[in-house]
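Asks: with the sequence up front, the predicted model follows.
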Amino acid sequence: MQYSCPVTTMARLDQVITNVVDIFLEYADDGGKKHRLNKEELMKVLDIEIQSPELKGAINADDIEEAMKMMDKNQDGEVTFHEFCRCISNLAKSYYNKKTGKDKRGKSKEQEAEQEN
């Protein structure tokens, strides 16, 4: 009699959450303070870990510089996990808006046209 081990697969959201944590910890421990990303580490994360043309096209060096300023609330030149999560959330919102045809304020093109009239 053969026994097969049950294959345990994580739900998609489980994978997303564990990946965000694992990616942050991997790059945050690369240099600088432990459990924080400096600007170079953040750029490396975004460059290596984002491969989708839709997301990659939305990120450039100026955006990273601006994002770093916005995320780094305590102005120490490094990003905490909480600040990193805000960055990921903003990328997800940007992708959602692009996919649903909404602008940065969450309005569709149709809603914009109605307001103009």
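Replies: Yes, it's here. Numbering: from 1, shown residues only.
Asks: buried residues, stretch 17-36. List them.
Replies: 20, 24, 27-28, 36 (16 or more other C-beta atoms under 10 Å). (Glycine included, C-beta is placed from N, CA and C.)
Asks: out of those residues, which comes closest to residue 96?
Replies: For the buried residues of stretch 17-36, the residue nearest residue 96 by C-beta to C-beta is residue 20; the value is 16.4 Å.
Asks: would you check that the closest one makes contact with residue 87?
Replies: No - judged on C-beta atoms under 8 Å, residue 20 makes no contact with residue 87 at a distance of 10.3 Å.
Asks: next, show the common contact partners of those two.
Replies: When C-beta atoms under 8 Å, 6 or more residues apart in numbering defines a contact, no residue borders residue 20 and residue 87 alike.
Asks: hmm, back to that, now the buried residues of stretch 17-36 as CSV including pLDDT, secondary structure and distance to residue 100?
Replies: Output for those, formatted as CSV (pLDDT from 0 to 100; DSSP: H, G, I helix; E, B strand; the rest coil; distance: C-beta to C-beta, whole Å):
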residue, pLDDT, secondary structure, distance to residue 100
20, 95, helix, 22
24, 95, helix, 27
27, 92, helix, 30
28, 91, helix, 32
36, 89, coil, 34
